[in-house]
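In: from the sequence below, what's the structure:
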Amino acid sequence: MKKKPSIPDAILAIDFGGLSTRVFCQSSQAGSKANSFVMESQVGPVSQDIANCFTQPNLASACPENIAWVAIGNECRAVGYLAASQFNAHIGLAGLKYSSALYKALATLWVVSRKLDLGSQFSAAISVFLPPGEFNDSKQFFELLSQYSASFETPTGKLSVTLDKTQALQEGGGIALIHNSNLGSAFKQRVTAFVMVGFRNASVIVSARGAVGKGKTSDLGMVRLVDLVQERTSNYDASRLALSIAQAGVSYNRPYFYRIARNREETAKDREVDQLIEAVKLSRFDYARMLSHWINEVLPPDLDEIVFCGGTSEYMKPELRNQFSHYSLSWHAGITVPKTLDPDGLGCRIADVYGLFSYFKSQFEVLRQSSVAATSQRAENTTSRSGDAPVPTTDIQSVKECAEQSTKPKSEQSIKPKSEQPTHPKSEPPTLLKLEQFTHAKSEQSTEPKIEESTEQKTEDITEPKIEEPAESKFEEPTEQNTEDITEQNTENCAQQQANSSIKESCLDDSNKLSDESSSNTEPSLEESEANLDAALLLGGPYRGAGKKVRNYA
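Out: Coordinates of the predicted model:
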């Protein structure tokens, strides 16, 4: 018998950016809310003893993302702010992204365990972005992550995480999912290029009338602009220089460049800032020309529109808009990240991973709904089988009231209003996500059989056999002894009827509840299903999962 898949304890979406690692996460517990955090991208070697000296005194006061380190065997790495501030780690842009991403992912799991209070052992589902040029490495990445996440050291001791499901998308895939979903079936008639320009890479993936293939990648991220500025100046720190350039914007606001100026004397500092701004202007012109030339080379000839993504594309918007004005243009597919999930004010720089998280999480909502429906079905079956069960003891006061009612003529018997009848608590139905349509992708379809309900038929079955009311007959006025016997007999009959009524009400409530849930899970029409995006296409080929057998959740 096939084992039924379970919902993981945590759901994560990770974007391993050149300057920072952006994470969205949420616990699977009912009523939990999504969370997000950002970590610096630095990863540096350190001994576990030294790392503990920095983290142990600060576990209660510091945010976990700022004191993260992980150890696999004898290899210990500080990650994020701890690596940058205490161990002089630098941004690693020379090697493959997934090689450093392994330590970043492990550190992320530890931070998530602290923020969501998951303890030292839990299960997780993880989705990540990789550049198209490194996408073939996703299988190896998840194999290593699955192996090492089973047992690794952290500032709070050993952590053991089971990866229930893994998924990799090309950079820009989160925005592509949102955009194509908004287009509906029209996306099958359009040719759209998703141009992702981040700090490290520039990538292009093309949706050609519904078919999304493997994209193209270059090293023309914002780091190339920073390199050009450094060649014209005194070799400023790359990460600080990039931040100043981005914050200064197209107006080249001087205060942001004063922060990285090296001169202390005011006149010399002013002169240094002037030279720096001039270098940025010249480098920006050269960079815009190189980036536009490369994009033009990889765009298809029958292109209808371009969707620009990433923080660098926002920074270079004037140049890109001017260069590609003959196409229909969009930035970030109009995605706006809620302020509650963007405490650092990254805005469009986290739109891609937010889209991925929304899509990835929606797959588990479908599983949750299926589980709720199955539970309701089992509860109804149990209730319907309990017809021969012993009648539960009723409240003594209710019995007395029922006895008094039974001695009155039928026209005078009081009927309790519906609000006073026994009620049975109902679990709240799961909240449907806005991205629910993505859950019908071919590569993620559920193998679970549907549970069909016929509320009307089941209600009729439950309420049968009907209680026959005795025909009215004339009778002699009872004596005092007969009245007591009749009252006692009526008391017992009333208790039995009240208990049966309670059982019926319970069955009807459960039946109506299941009917409501079934109607909310109605499958879309064939036309709507065809309009949904096949997520497998965005993977650029076969599904990229963990080394072990991948569970299918939707």
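
In: any idea which element Ser325 lies in?
Out: For Ser325, there is no enclosing helix or strand under DSSP states H and E.

In: can you get me a residue count around it?
Out: 8 (other C-beta atoms under 10 Å). Where C-beta positions appear, they are placed from N, C-alpha and C, glycine not excepted.

In: now it: how far from Ala125?
Out: Note on Ser325: its distance to Ala125, by C-beta to C-beta, to the nearest Å, is 42 Å.

In: cool, Trp110 as well?
Out: Separation of Trp110 from Ala125 (C-beta to C-beta): 17 Å.

In: helices along the stretch 251-400 of the chain, start to end?
Out: 254-258, 266-298, 311-315, 317-323, 351-385, 396-406 (DSSP state H, counting those that start in this stretch).

In: for the second one, buried residues please.
Out: To tie it back to what came earlier, the one meant is helix 266-298. 272-273, 276-277, 279-280, 283-284, 287-288, 291-292, 294-295, 298 (16 or more other C-beta atoms under 10 Å).

In: the helix or strand harbouring Ser85 packs against which elements?
Out: Assigned by DSSP H and E, Ser85 falls within helix 81-86. Other helices and strands packing on helix 81-86, by 3 or more C-beta pairs under 8 Å, 6 or more residues apart in numbering; DSSP states H and E, are strand 35-40, strand 43-45, helix 48-55.

In: got the CA positions of it in CSV?
Out: Output in CSV follows, covering the C-alpha atoms of helix 81-86 (Å, rounded to 0.1, in the frame of the first residue of the first chain):
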residue,chain,number,x,y,z
TYR,A,81,27.0,38.8,9.2
LEU,A,82,29.1,36.7,11.7
ALA,A,83,31.4,35.8,8.8
ALA,A,84,31.6,39.3,7.5
SER,A,85,32.0,41.2,10.7
GLN,A,86,34.2,38.9,12.8
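
In: ok, then the element right after that helix?
Out: Next along from helix 81-86, by DSSP H and E: helix 97-115.

In: report the angle between whichever helix or strand comes after that following helix and helix 97-115.
Out: Sequence-wise, the next helix or strand downstream of helix 97-115 (DSSP H and E) is strand 121-130. Interaxial angle of strand 121-130 relative to helix 97-115 (axes from the mean of the first three to the mean of the last three C-alpha atoms, to 10 degrees): 140 degrees.

In: strand 121-130 packs against which elements?
Out: Going by 3+ C-beta pairs under 8 Å, 6+ apart, strand 121-130 lies up against strand 10-16, helix 97-115, helix 138-149, strand 157-170, helix 351-385.

In: please work out which of the ones you listed is packed deepest.
Out: Across the helices and strands packed on strand 121-130, the average number of neighbours (mean count of other C-beta atoms under 10 Å) peaks for strand 10-16, which reaches a mean of 25.

In: give the pairing partners of the helix or strand following that strand; include direction for each.
Out: As assigned by DSSP H and E, the chain's next helix or strand after strand 10-16 is strand 20-27. Note on strand 20-27: by DSSP bridges, its sheet partners are strand 10-16 (antiparallel), strand 35-40 (antiparallel).

In: tell me which other helices or strands the helix or strand that contains Val70 touches.
Out: Here Val70, judged by DSSP H and E, is contained in strand 69-72. The elements that strand 69-72 packs onto, with contact taken as 3+ C-beta pairs under 8 Å, 6+ apart, are helix 48-55, strand 75-79, helix 97-115, strand 152-154.

In: just name the most buried of the helices and strands packed on helix 81-86.
Out: strand 35-40 (a mean of 22).

In: what's in contact with it?
Out: 19-26, 63, 65, 68, 79-81, 83-84, 104, 107-108, 111, 115-116, 341-344, 346, 350 (C-beta atoms under 8 Å, 6 or more residues apart in numbering).

In: before we move on, back to that, farthest pair within the buried residues of helix 266-298?
Out: Glu272 and Val298 (38.5 Å; C-beta to C-beta).

In: circling back to that earlier point, for ChimeraX, write a command that selects the buried ones of the contacts of strand 35-40.
Out: A single ChimeraX command selects the buried members of those (16+ other C-beta under 10 Å):
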select :19,20,21,22,23,24,25,26,65,68,79,80,81,83,84,104,107,108,111,115,116,342,346,350
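
In: just to revisit the earlier point, could I get the helices and strands packed on helix 81-86 as TSV with distance to Ile306?
Out: Formatted as TSV, these follow (distance: least, C-beta to C-beta, whole Å):
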stretch	distance to Ile306
strand 35-40	28
strand 43-45	34
helix 48-55	45
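
In: which one of these lies closest to Ser138?
Out: Using C-beta to C-beta, the nearest of these to Ser138 is strand 43-45, at 19.1 Å.

In: who's in contact with that closest one?
Out: Residues contacting strand 43-45 (C-beta under 8 Å, 6+ apart): 75-79, 83-84, 87-90, 92, 100, 103-104.
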